[in-house]
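Enquirer: 3D model of this:
(one chain, ligands or ions: 2)
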Amino acid sequence: MSRTSPALGQRAVWRAPGRVNLIGEHTDYNDGFALPFAIPAGVTAAVTSRPDETLLISSIQVQSTAEISMPDLAPGAVTGWAAYPAGVVWALAELAGERPGVHIHVDGDVPLGAGLSSSAALICSVASALNELWQLGLSPAELVAITRRAENDFVGAPTGGLDQLASLMCTRGHALLLDLRAGTADQVPMELAAADLAILVTDTREQHSHAHGGYAERRAACLESARLLGVDALRDIDITTLPEAERRLADPVLIRVTRHVVTENARVLETVELLRAGRVEAIGPLLDASHNSLRDDFAVSTPKLDAAVDAARTAGALGSRMTGGGFGGSTITLGRSGDVPAIEAAIARSYAHHGYRPPRSWAVQPAQGAARVD
Ligand code: ADP
Ligand code: MG
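Expert: Numbers count the residues shown, from 1 in each chain. Ligands and ions are numbered 1, 2, ... in the order given. A predicted model of the protein is given here:
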């Protein structure tokens with residue numbers, strides 16, 4: 001056991017937020033661009049060192065508590081929701097050596113499985129709190145690597161690092177431009193309130209799942225297109241070389257997925273230009289085009305996502321799109337602050353009309369990433 005272990009009973013508390021992706025969907029594994037921002041909802045993790053070797057994990061949101069001896073931690077040893085925090089402990093112990101026991105207690109208000117990344121909020125709050133408790137001094141980039149290892153190798157969810165980057169690095173009033181090839185993350189001002197705008201996040205209550213084969217299929221199709229086109233990733237195709245790429249790809253499915261990724265990367269960069277020019281209200285058409293591309297070309301939208309987007313547009317939204325990987329989850333709608341209640345009501349009416357379960361909506365402003373709680 002490490003001699004630098006903190007005094008018994010020492011405690012660290014960190015809160016990390018969920019996120020939505022403003023634009024840039026299914027571009028991450030194509031070495032492309034994404035533009036997430038943190039939402040006000042998040043998970044708070046309180047970690048307390050224990051006098052023994054026991055790892056105890058509890059959550060206000062879930063009844064079950066997990067308990068395991070630290071030396072027994074290995075992939076598969078903890079299942080269910082507690083695998084997320086346990087995976088973080090496991091990955092940190094691998095990096096920094098074995099530690100004494102700890103009690104991890106979490107409390108959050110990000111809806112689970114709504115595509116708002118409650119999982120990233122959970123693992124990032126836990127990783128940040130342990131980083132402080134164990135005085136590891138890990139940078140956000142190192143914490144992303146840890147949380148990714150926890151989610152991929154311990155929980156078994158094949159996710160990239162995008163959600164964790166957003167949860168750890170976003171700042172209030174900004175979106176975060178991620179260049180997944182360069183590995184850079186740049187703050188892009190997005191002052192919605194000052195422009196009298198808001199983004200309405202709508203949870204369709206249709207749970208997305210990583211187990212859904214659609215995600216793996218789309219990913220494989222993108223890799224196959226890149227291989228056929230002789231490039232490292234679809235990032236290497238741009239709007240000017242797209243027509244030529246489409247001619248070379250005979251398969252209509254490969255043509256469509258390629259078109260989505262290439263046009264989506266271009267839309268991210270256009271959105272960033274508009275935001276940097278202070279023209280937030282002008283990004284609406286890009287949000288609309290992103291949704292249409294995900295619906296028609298990438299084929300990852302669902303009737304519930306489409307119904308929310310259509311209702312929002314009809315009710316005067318400046319732009320609306322599904323956000324996240326698709327097959328359920330949430331939509332985002334940009335609107336004038338004064339129009340947001342009517343847009344929310346229109347979405348609810350549409351769901352009632354279709355006989356869908358009532359959706360849940362929240363007006364959000366870009367919020368702060370992971371932060372210590374005093
Ligand atoms: P999303 O990240 O879109 O919410 P995921 O399926 O990736 O959906 O992650 C959701 C899972 O994260 C939940 O099923 C649960 O295991 C875990 N989780 C998230 N927040 C909490 C919490 N507050 N308490 C317990 N488990 C949580
Ligand atoms: Mg998740």
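Enquirer: quick one: the helices in the stretch 201-350 of the chain?
Expert: 213-229, 242-248, 252-276, 284-296, 303-314, 340-354 (DSSP state H, counting those that start in this stretch).
Enquirer: can I get these in CSV including mean neighbour count?
Expert: All C-beta atoms are positioned from the backbone trio N, CA, C, and that covers glycine. Shown next, in CSV, are those (neighbours: other Cβ atoms under 10 Å):
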stretch, mean neighbour count
helix 213-229, 17
helix 242-248, 14
helix 252-276, 21
helix 284-296, 20
helix 303-314, 22
helix 340-354, 18
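Enquirer: ok, of those, where does mean pLDDT dip lowest?
Expert: Here these differ in mean pLDDT, and the lowest is helix 213-229 at a mean of 94.
Enquirer: coming back round to it: for Q368, find the nearest of the helices of the stretch 201-350 of the chain.
Expert: helix 252-276 (18.0 Å; Cβ to Cβ).
Enquirer: tell me how far that closest one is from the chain's mean position?
Expert: Helix 252-276 sits 18 Å away from the centroid of its parent chain (Cα atoms, centre = their mean, to the nearest Å).
Enquirer: who does that helix touch, helix- and strand-wise?
Expert: Applying 3 or more Cβ pairs under 8 Å, 6 or more residues apart in numbering; DSSP states H and E, one finds that helix 252-276 contacts strand 33-34, strand 174-179, strand 184-189, helix 213-229, helix 242-248, helix 284-296.
Enquirer: on that earlier part again, of the helices of the stretch 201-350 of the chain, which is nearest ligand 2?
Expert: helix 213-229 (11.7 Å; Cβ to the ion).
Enquirer: could you tell me how far the closest one lies from the centre of the chain?
Expert: Relative to the centre of its chain, helix 213-229 is centred 21 Å away, using Cα atoms, centre = their mean.
Enquirer: if you look at it, does any of it touch ligand 1?
Expert: No: Helix 213-229 lies out of reach of ligand 1 by Cβ under 6 Å from any ligand atom, never closer than 11.5 Å.
Enquirer: tell me the residues of the stretch 101-250 of the chain that contact ligand 2?
Expert: Within reach of ligand 2 by Cβ under 5 Å from the ion, the stretch 101-250 of the chain has these residues: S117, S119.
Enquirer: now with 6 Å, please.
Expert: The stretch 101-250 of the chain comes close to ligand 2 at residues S117, S119, A120, D163, as judged by Cβ under 6 Å from the ion.
Enquirer: S64 should be in a helix, yeah?
Expert: No: counting by DSSP: H, G, I helix; E, B strand; the rest coil, S64 is not part of a helix but coil.
Enquirer: got the contact list for it?
Expert: Residues counted as contacts of S64 (Cβ atoms under 8 Å, 6 or more residues apart in numbering) are G80, W81, A82.
Enquirer: one more time with 6 Å, if that's ok
Expert: Contacts for S64 (Cβ atoms under 6 Å, 6 or more residues apart in numbering) come out as none.
Enquirer: tell me the pLDDT of the residue of the stretch 251-374 of the chain found nearest ligand 2.
Expert: Residue nearest to ligand 2 within the stretch 251-374 of the chain: G324 (8.6 Å; Cβ to the ion). pLDDT, G324: 93.
Enquirer: please apply the same query to the one 3 residues further on.
Expert: For F327, the pLDDT comes out at 93.
Enquirer: export the longest strand seen in the chain to CSV, keeping only CA atoms.
Expert: Ranked by residue count under DSSP state E, the longest strand found in the chain is strand 36-49. Output in CSV follows, covering the C-alpha atoms of strand 36-49 (Å, rounded to 0.1, in the frame of the first residue of the first chain):
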residue,chain,number,x,y,z
PRO,A,36,-20.1,19.4,-27.3
PHE,A,37,-21.0,21.6,-24.4
ALA,A,38,-21.7,20.8,-20.7
ILE,A,39,-25.2,20.9,-19.4
PRO,A,40,-26.2,22.1,-15.9
ALA,A,41,-27.2,18.6,-14.8
GLY,A,42,-24.4,16.5,-13.4
VAL,A,43,-23.2,13.9,-11.0
THR,A,44,-21.5,14.6,-7.6
ALA,A,45,-19.1,12.0,-6.3
ALA,A,46,-18.0,12.1,-2.7
VAL,A,47,-15.0,9.8,-2.0
THR,A,48,-13.9,9.0,1.6
SER,A,49,-10.9,6.9,2.4
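Enquirer: if anything else comes up later, I'll come back, but that's it for now.
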